[in-house]
Structure formats: C-alpha cells, structure tokens
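K.L.:
Kindly return the folded structure for what I paste below:
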Amino acid sequence: MTATFQAFRFELDPNNAVRSALAGHAGAARFAFNWGRALVVARLAQAGRLAERALAEGASAREAEALARTVVVPWTLPALRKEWNQAKHAVAPWWAQNSKEAYNSGLDGLARALDGWSKSRRGERHGPTVGFPRRKRHHARRSFRVTTGAFGVVDGRHVRLPRIGVIR
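P.N.:
Down below sits the predicted model:
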C-alpha cells in the first residue's frame with residue numbers, strides 16, 4: 001500500500017486586509033526562524049564555554065566534551081516547537097494574532113536547515129557544502145507554509161487559510 005500526497009500552488013489575489021494578514025503570517029514565520037536560530041547559537045556557545053571552563057580547570061578532553069553535551073540544543077522540529085511553546089508568551093506576546101502554522105513553518109525551515117548543515121559537515125549530504133543557517137532578513141522572500149488546520153480549496157476561485165479566511 002502506498003501513500004498518496006497531494007499539494008497545490010495558487011496565485012492569490014488578496015485585498016489589502018488579506019494582504020496585511022498574509023504579510024503578518026510571513027513575518028511570524030521569519031520571526032520564529034530567527035528566534036530559533038538565536039536560541040541554537042546561544043546554546044551552542046554555552047556548551048562551548050562549559051567545555052572551555054572544564055578544560056581550564058584540568059578536566060580531560062573527554063570529560064569536557066561530556067559536560068558540553070549536557071546543554072540541550074534544540075535541533076529537531078519537535079524540540080524547537082517545545083522550546084517555542086515555552087517561550088512564546090515572553091518573546092512574542094502578539095503570537096496569537098497569527099496561525100500556529102506560520103510559526104511552525106519558520107521552525108520547520110530552521111530544523112531542515114540545521115539538519116542539512118550537520119549532514120554536510122559529516123559528509124552525509126550530496127552536493128556542495130552547506131553553511132550554517134543565516135538570519136532571515138525582513139525584505140527577503142516572504143513565505144510560510146500551511147500543512148494542517150482549516151485550509152483548502154473552497155471552490156474554483158477561492159481558498160481558505162487558517163486565521164486568515166477565504167482568499168480569492
């Protein structure tokens with residue numbers, strides 16, 4: 001038995017209110033990506049400082065590495081989601097204005113980028129070497145994905161997106 005996957009790509013013709021909501025969702029995805037990246041960078045730096053301190057205090061390289069591994073670095077999508085759900089009220093008090101799909105889209109992009117970077121460093125990825133994920137800038141390509149929730153084709157001319165509604 002094989003699974004069937006189906007995807008759709010639409011050109012949207014939004015009015016100004018919907019255009020603003022779409023931009024908000026794309027901004028939320030960018031914010032979640034950049035927030036998660038900053039968290040990963042901070043945790044990696046924390047692990048590095050712990051290892052350096054342990055080496056300075058006379059620990060062996062193996063002991064220092066084991067101590068550095070005690071720092072939890074959220075690398076996968078579930079780990080990033082868990083960290084986001086714990087911190088979203090403090091870092092983004094406006095989070096409820098957008099669909100959870102927007103934030104999930106940004107975190108998913110980050111998890112994929114981190115996975116690609118780590119596989120590239122280990123030599124498990126085909127193709128050119130991939131660098132560490134960069135911050136997403138405000139005026140770059142703005143996008144987000146919707147994978148769950150109340151979305152779909154309404155009729156031949158309209159689609160429904162969560163928290164945004166029906167769009168032509």
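K.L.:
can you map out the strands along the protein?
P.N.:
152-155, 158-161, 165-167 (DSSP state E).
K.L.:
in its sheet, what does the second one sit against?
P.N.:
It refers to strand 158-161. Using DSSP bridges, the strands paired with strand 158-161 in its sheet are strand 152-155 (antiparallel), strand 165-167 (antiparallel).
K.L.:
Pipe these into CSV and attach mean pLDDT and distance to residue 51 per row.
P.N.:
Yep, even glycine has a C-beta here, placed from its N, CA and C like the rest. Formatted as CSV, the strands paired with strand 158-161 follow (pLDDT from 0 to 100; distance: least, Cβ to Cβ, whole Å):
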stretch, mean pLDDT, distance to residue 51
strand 152-155, 72, 49
strand 165-167, 72, 50
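K.L.:
any idea which of those strands is most buried?
P.N.:
Mean neighbours per residue, mean count of other Cβ atoms under 10 Å, is largest over the strands paired with strand 158-161 for strand 165-167, with a mean of 15.
K.L.:
where does this protein have low pLDDT?
P.N.:
Within the chain, the stretches with pLDDT under 70 are 8, 149, 152, 165.
K.L.:
again, only this time at 80
P.N.:
1-2, 5-12, 21-22, 139-168 (pLDDT under 80).
K.L.:
Quick test: name the residue nearest the centre of it.
P.N.:
Taking Cα atoms, centre = their mean, the centroid of the chain lies closest to residue 107, which sits 1.5 Å from it.
K.L.:
what's around the nearest residue to it once chain neighbours are set aside, how many residues?
P.N.:
Closest residue to residue 107 apart from its sequence neighbours, by Cβ to Cβ, 6 or more residues apart in numbering: residue 80 at 4.4 Å. Counted by other Cβ atoms under 10 Å, the residues lying close to residue 80 total 26.
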